[in-house]
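J.: Structure, please.
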Amino acid sequence: MASTSLQLLGLVLAVMGWVCGALVCAAPLWRVSAFVGGELVIAQVTWEGLWMNCLSQTTGQIQCKTYDSTLALPKSTQAARGLTVLSLMLCILALLLGVIGAKCTHCMGNANQSDKTRLGRLAGVLFIVAGLAFLIPISWTAYAIIRDFYDPNVAAPLKRELGPALYLGWGASVLLLLGGALLHVGSTTVGGGTLPPIGKAAKDNPGAAGEVKTQEKSFV
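T.: Residues are numbered from 1 along each chain as shown. Got it, this is the predicted structure:
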């Protein structure tokens with residue numbers, strides 16, 4: 001039978017990952033100014049995200065501005081936007097299916113439990129796909145930042161460091177993957193679709209067993 005506790009734990013972890021993913025998508029803290037050498041003005045810190053960049057000063061003033069053109073952005077940023085938004089949309093769909101397919105809910109009335117099991121397992125798979133879709137842009141952005149940081153051909157003012165949003169994004173991806181896996185396992189019916197053993201079937205229906213023996217004798 002499906003495990004209600006695993007289903008609920010998987011849903012809770014997945015929802016936490018979805019909320020963290022939404023914060024990461026909106027936060028302009030993917031890239032932060034790197035203080036290397038003496039060419040940077042340390043009185044100002046540049047933050048860069050998927051939708052805007054911000055300039056923070058030591059006086060406490062923060063000025064943010066959205067990007068003027070989407071098409072003018074690098075291809076990696078455009079792909080990161082698409083994957084993060086796709087991941088968040090998949091999480092919403094998976095959450096709806098997970099709540100409907102949970103054993104402790106009655107959204108489907110007196111529907112067959114096998115249908116609820118299928119919905120729960122599908123929700124777990126969608127959460128896993130969403131976690132992978134969110135993990136790709138986070139990891140690729142971190143790789144690009146580290147590559148440019150150690151590239152001597154990149155000017156010091158253009159170097160960036162890993163922002164706190166990337167670390168939160170890795171945590172969100174882990175929560176989505178773990179929550180989806182627990183939801184899928186908790187929605188799996190153990191032995192629900194297997195046929196009963198031959199001996200047990202013969203005991204439960206002795207008339208059918210007698211018919212089988214009669215047919216065998218007739219062929220002989």
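J.: can you point me to the longest helix in this structure?
T.: Counting by DSSP state H, the longest helix found in the chain is helix 113-149.
J.: so where is this structure shaky, pLDDT-wise?
T.: 1-2, 35-43, 107-112, 189-220 (pLDDT under 70).
J.: Next one: the residue nearest in space to the middle of it from residue 147, what distance?
T.: Residue closest to the mean C-alpha point of the chain, counted by CA atoms, centre = their mean, is residue 131 at 2.2 Å. Separation of residue 131 from residue 147 (CB to CB, to the nearest Å): 24 Å. Where you see a C-beta, it was placed from the backbone N, CA and C, and this is true even at glycine.
J.: For the protein, which segments count as helices?
T.: 4-26, 75-101, 113-149, 164-186, 198-204, 206-219.
J.: export those to TSV and tack on distance to residue 57?
T.: What follows is these, written out as TSV (distance: least, CB to CB, whole Å):
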stretch	distance to residue 57
helix 4-26	22
helix 75-101	25
helix 113-149	23
helix 164-186	19
helix 198-204	77
helix 206-219	84
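J.: okay, those, which one's buried deepest?
T.: Mean neighbours per residue, mean count of other CB atoms under 10 Å, is largest over these for helix 164-186, with a mean of 22.
J.: So for residue 160, what's the nearest residue that isn't a sequence neighbour?
T.: residue 31 (4.0 Å; CB to CB, 6 or more residues apart in numbering).
J.: for that neighbour, which residues make a bridge with it?
T.: With DSSP bridges applied, residue 31 shows beta-bridge pairing to residue 48, residue 162.
J.: Can you name the residues that contact it?
T.: 46-49, 141, 145, 160-163 (CB atoms under 8 Å, 6 or more residues apart in numbering).
J.: ok, these vs residue 58, which is closest?
T.: Nearest to residue 58 out of the contacts of residue 31 is residue 46 (CB to CB; 13.3 Å).
J.: Nearest to residue 66, out of the helices of the chain?
T.: Among these, helix 4-26 sits nearest to residue 66 (CB to CB), with 11.6 Å.
J.: so how far is residue 167 from the closest residue to residue 93 other than its chain neighbours?
T.: Residue nearest to residue 93 in three dimensions, not counting chain neighbours: residue 126, with 6.1 Å by CB to CB, 6+ apart. Residue 126 is 25 Å from residue 167, where distance means CB to CB.
J.: Kindly report the same for residue 151.
T.: For residue 151, the distance to residue 167 (CB to CB) stands at 22 Å.
J.: The residue nearest to the centre of the chain and residue 173 touch, don't they?
T.: Yes - using CB atoms under 8 Å, residue 131 is in contact with residue 173, at 4.9 Å.
J.: Cool, thanks, signing off.
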